[in-house]
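*Asks:* Give me a 3D structure for the following:
(one chain, ligands or ions: 1)
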Amino acid sequence: MIKTRQIDVKNPATGEVIESVKVDSKEDIESAILKGHSALKAWSSIHAHEKARLLKKWSEIIHNNKSDLARIMTLESGKPISESLGEVDYAASYIDWYAEETKRLYGRTIPANSENKKIVISKKPVGMVAAITPWNFPAAMMTRKAAPALAAGCTFIVKPAEETPLTTIKLIDFAHEAGIPEDVVQCVNGPGKEVGEVFTDSKLIRKITFTGSTPVGKQLIKNSADTMKHVSMELGGHAPIIVAEDADIDLAVDQTIASKFRNAGQTCICANRLLVHESILEEFSNKLKTKVEQLKVGNGLDDDTQVGPVINEKGFNKIISQINDAVDKGAEVVCGSNTHSDTEKEYFFVHPTVLKYVSRESSIMQEETFGPVIPITSFQDLDEALEIANSTPFGLAAYFFTNDYRTGNYIHDNLEFGIIGWNDGAPSAAHAPFGGMKESGLGREGGVEGIEPYLETKYLSIGNLS
Ligand code: SIN
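*Replies:* Residues are numbered from 1 along each chain as shown. Model (predicted):
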């Protein structure tokens with residue numbers, strides 16, 4: 001007898017199993033893909049205003065269940081409940097945005113070079129889309145992919161992270177409750193490699209969209225080559241914050257905290273390196289220390305928690321080894337660097353940590369941390385800061401603080417990043433294009449740009465008209 005495999009979903013704050021989810025077999029996934037493919041014609045034929053109505057209904061149901069959904073998210077991801085409530089709104093805002101964009105999938109006509117001809121351009125859905133979503137934003141990363149796919153007329157299948165499938169399962173239930181047919185939006189569960197290979201091998205899947213690590217993204221692109229799938233990749237980051245000599249230091253401190261400690265530093269766009277002008281280094285780090293020490297660490301379900309646990313032991317070990325490496329290479333611990341964890345119970349907390357005089361050779365200055373640690377280094381002039389900021393294979397997000405428009409313009413022109421915050425540590429929005437340059441990914445999600453990757457352009461040339 002074949003034993004049914006299951007995923008035990010654990011609360012990262014306590015290590016307790018919250019629920020178990022069945023792992024789908026290869027046959028289950030292939031059958032779901034076939035259903036999604038068969039539903040494509042009917043779904044893509046539904047007119048835009050009806051698709052918009054169904055998407056808006058989905059968003060409405062999500063809003064009506066906001067607190068339940070946020071609680072599930074906190075239980076499985078560990079993020080503070082205030083952040084989970086915010087993520088529910090953020091997730092729904094992608095659905096609202098693409099419910100409107102579906103009505104604007106315009107084609108165009110091109111003046112022909114003969115009276116006898118007409119040229120018509122139209123937009124068509126790429127086909128069935130498979131998504132693989134991460135544990136750090138279990139709701140928003142799913143709707144950021146599902147909403148434009150459905151709005152474009154594609155059918156959609158998602159594999160959520162094994163750590164956080166419960167939020168996605170709920171979102172899919174709500175989509176069905178809203179009237180979106182069951183075969184049009186589906187969820188399957190299992191280990192990333194196994195499910196990913198079924199997706200990439202399938203000729204029926206025409207597009208893969210992924211948020212996660214750069215090595216996995218590269219593998220998915222390679223595996224998608226044989227069937228020439230469309231790919232959208234939102235991959236790793238290593239965001240710098242540049243604090244210029246003239247910056248508003250209080251604003252820079254507050255926005256650094258907002259960026260760095262969101263989801264305990266486990267976001268692709270959170271500040272990973274702080275580059276502070278040498279003339280303000282002491283004032284900046286003292287003010288930062290005072291505020292960081294006040295952050296409340298704890299179980300995300302407690303109302304006053306601002307920093308929750310990190311997701312698992314692997315993540316914890318990476319963070320600790322980066323701190324130790326920086327200290328070994330001469331960094332000073334300004335605050336934090338203590339932990340509370342239990343390997344047997346499988347919960348791992350890292351207290352917000354600030355490091356100063358961090359050597360550029362330290363691993364924390366070269367790799368994504370995904371944890372609540374801020375390494376600070378100083379610079380003498382803007383070109384040095386830009387050189388440090390850009391010397392990474394990643395190009396997702398970058399931030400800078402200055403009140404001088406010439407300095408701001410110069411920094412913006414020279415940063416090689418897809419998302420830039422100027423005096424702003426929280427740039428994410430459904431109506432703006434999110435995505436990275438270099439090894440941080442391919443394509444954009446959100447904004448008018450975010451639906452384009454789900455569309456094919458079809459060109460019709462009509463001849464012999466007169
Ligand atoms: C991410 O970390 O991948 C997403 C963050 C965001 O959308 O703000």
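*Asks:* Next secondary structure after the worst-scoring helix or strand of the chain on mean pLDDT?
*Replies:* One helix or strand of the chain scores below all others by mean pLDDT, DSSP states H and E: strand 339-342, with a mean of 94. The helix or strand immediately downstream of strand 339-342 is strand 347-350, counting by DSSP states H and E.
*Asks:* how about the CA coordinates for that next one, as CSV?
*Replies:* Taking C-alpha atoms only, strand 347-350 is exported to CSV below (Å, rounded to 0.1, in the frame of the first residue of the first chain):
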residue,chain,number,x,y,z
TYR,A,347,11.8,27.7,17.2
PHE,A,348,14.4,30.3,16.5
PHE,A,349,14.4,34.0,17.5
VAL,A,350,17.2,36.4,16.6
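*Asks:* buried ones in it?
*Replies:* Buried residues in strand 347-350, counted by 16 or more other Cβ atoms under 10 Å: 347-350. (Glycine included, C-beta is placed from N, CA and C.)
*Asks:* Of the residues you listed, which is the nearest to the ligand?
*Replies:* Lowest distance from the ligand to the buried residues of strand 347-350 (Cβ to the nearest ligand atom) belongs to Val350, with 17.6 Å.
*Asks:* what sits opposite the closest one in the beta ladder?
*Replies:* Residues in a beta bridge with Val350, per DSSP bridges, are Thr339.
*Asks:* dump the residue contacts of it.
*Replies:* Val350 is in contact with 264, 310, 316, 319-320, 336, 339, 371-373, counting by Cβ atoms under 8 Å, 6 or more residues apart in numbering.
*Asks:* now the buried residues of strand 347-350 as CSV including pLDDT?
*Replies:* Below are those laid out as CSV (pLDDT from 0 to 100):
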residue, pLDDT
Tyr347, 96
Phe348, 97
Phe349, 98
Val350, 97
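*Asks:* out of these, which touch the ligand?
*Replies:* The subset of these within reach of the ligand, by Cβ under 6 Å from any ligand atom, is empty.
*Asks:* which of the residues you listed sit farthest apart?
*Replies:* Farthest-apart pair in the buried residues of strand 347-350 is Tyr347 and Val350; separation 11.4 Å (Cβ to Cβ).
*Asks:* Name the residue of the stretch 351-466 of the chain that lies nearest to the ligand.
*Replies:* Counting by Cβ to the nearest ligand atom, the stretch 351-466 of the chain gets nearest to the ligand through Ser428 (3.2 Å).
*Asks:* What residues of the longest helix belonging to the chain count as buried?
*Replies:* What stands out as the longest helix in the chain, according to DSSP state H, is helix 81-101. For helix 81-101, burial by neighbour count (16+ other Cβ under 10 Å) applies to 81, 83-85, 87-99, 101.
*Asks:* Contacts made by the helix or strand following that helix with the rest, please.
*Replies:* With elements assigned by DSSP H and E, the helix or strand that comes after helix 81-101 is strand 108-110. For strand 108-110, contacts defined as Cβ under 8 Å, 6+ apart pick out 118-121.
*Asks:* so of those residues, which ones are in strands?
*Replies:* Among those, the members found in strands (DSSP state E) are 118-121.
*Asks:* a markdown table for the residues you listed, including neighbour count and pLDDT?
*Replies:* A markdown table is the format used below for the ones in strands among the contacts of strand 108-110 (neighbours: other Cβ atoms under 10 Å; pLDDT from 0 to 100):
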| residue | neighbour count | pLDDT |
| --- | --- | --- |
| Lys118 | 15 | 97 |
| Ile119 | 14 | 98 |
| Val120 | 14 | 98 |
| Ile121 | 13 | 98 |
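*Asks:* The ligand contacts on this protein?
*Replies:* Residues of the chain lying near the ligand (Cβ under 6 Å from any ligand atom): 136-137, 140, 211, 234, 267-269, 428, 434.
*Asks:* Relative to Glu30, which of those is nearest.
*Replies:* Within these, the smallest distance to Glu30 is 23.7 Å, found for Thr211 (Cβ to Cβ).
*Asks:* Return the residues in contact with the residue lying closest to that closest one once chain neighbours are set aside.
*Replies:* Distances taken as Cβ to Cβ, 6 or more residues apart in numbering place Glu234 nearest to Thr211, at 4.3 Å, with adjacent residues excluded. By Cβ under 8 Å, 6+ apart, the contact list for Glu234 reads 141, 210-212, 268, 434-436, 440-441, 443, 445.
*Asks:* Looks like Lys329 contacts Ser362 (just checking).
*Replies:* Yes. Counting by Cβ atoms under 8 Å, Ser362 is a contact partner of Lys329 at 4.9 Å.
*Asks:* Just the ones of the residues of the chain next to the ligand in helices?
*Replies:* Mapping the residues of the chain next to the ligand onto helices (DSSP H) picks out Ala140.
*Asks:* which ones among the residues of the chain next to the ligand are found in strands?
*Replies:* Counting by DSSP E, the residues of the chain next to the ligand place 211, 234 in strands.
*Asks:* could you dump the residues of the chain next to the ligand to CSV with pLDDT?
*Replies:* Output for the residues of the chain next to the ligand, formatted as CSV (pLDDT from 0 to 100):
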residue, pLDDT
Asn136, 98
Phe137, 98
Ala140, 98
Thr211, 98
Glu234, 98
Thr267, 98
Cys268, 97
Ile269, 98
Ser428, 97
Phe434, 98
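*Asks:* just checking, Ile241 is part of a strand?
*Replies:* Yes. Counting by DSSP: H, G, I helix; E, B strand; the rest coil, Ile241 is found in a strand.
*Asks:* Val198 reaches Lys26, doesn't it?
*Replies:* Yes. If you go by Cβ under 8 Å, Val198 and Lys26 touch, sitting 5.7 Å apart.
*Asks:* more crowded one of those two?
*Replies:* Neighbour count, other Cβ atoms under 10 Å: between Val198 and Lys26, Val198 has more, with 22 against 13.
*Asks:* ok, now which ones touch the closest residue to Val23 other than its chain neighbours?
*Replies:* Excluding its sequence neighbours, the residue lying closest to Val23 (Cβ to Cβ, 6+ apart) is Arg5, at 3.9 Å. Each residue near Arg5 by Cβ under 8 Å, 6+ apart is listed here: 22-23, 190.
*Asks:* list the buried ones in stretch 10-30?
*Replies:* Using 16+ other Cβ under 10 Å as the test for burial, stretch 10-30 gives 10-15, 21, 23-25, 29-30.
*Asks:* ah, wrong one, I meant stretch 191-200
*Replies:* 192, 195-200.
*Asks:* now swap in stretch 432-440 and tell me
*Replies:* Across stretch 432-440, burial judged by 16+ other Cβ under 10 Å covers 432-436, 438-440.
*Asks:* same check, this time on stretch 371-383
*Replies:* Buried residues in stretch 371-383, counted by 16+ other Cβ under 10 Å: 371-379, 382.
*Asks:* Extract the C-alpha trace of that stretch and format it as CSV.
*Replies:* Output in CSV follows, covering the C-alpha atoms of stretch 371-383 (Å, rounded to 0.1, in the frame of the first residue of the first chain):
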residue,chain,number,x,y,z
GLY,A,371,17.2,38.1,9.2
PRO,A,372,17.0,41.1,11.6
VAL,A,373,20.6,42.3,11.4
ILE,A,374,21.9,45.7,10.1
PRO,A,375,25.5,45.9,9.2
ILE,A,376,26.8,49.5,8.9
THR,A,377,29.8,50.7,7.0
SER,A,378,30.8,54.3,6.3
PHE,A,379,31.8,56.1,3.0
GLN,A,380,33.6,59.3,2.2
ASP,A,381,32.0,60.4,-1.1
LEU,A,382,29.0,59.4,-3.2
ASP,A,383,31.0,57.5,-5.8
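*Asks:* Before I go, just wanted to say thanks for your time.
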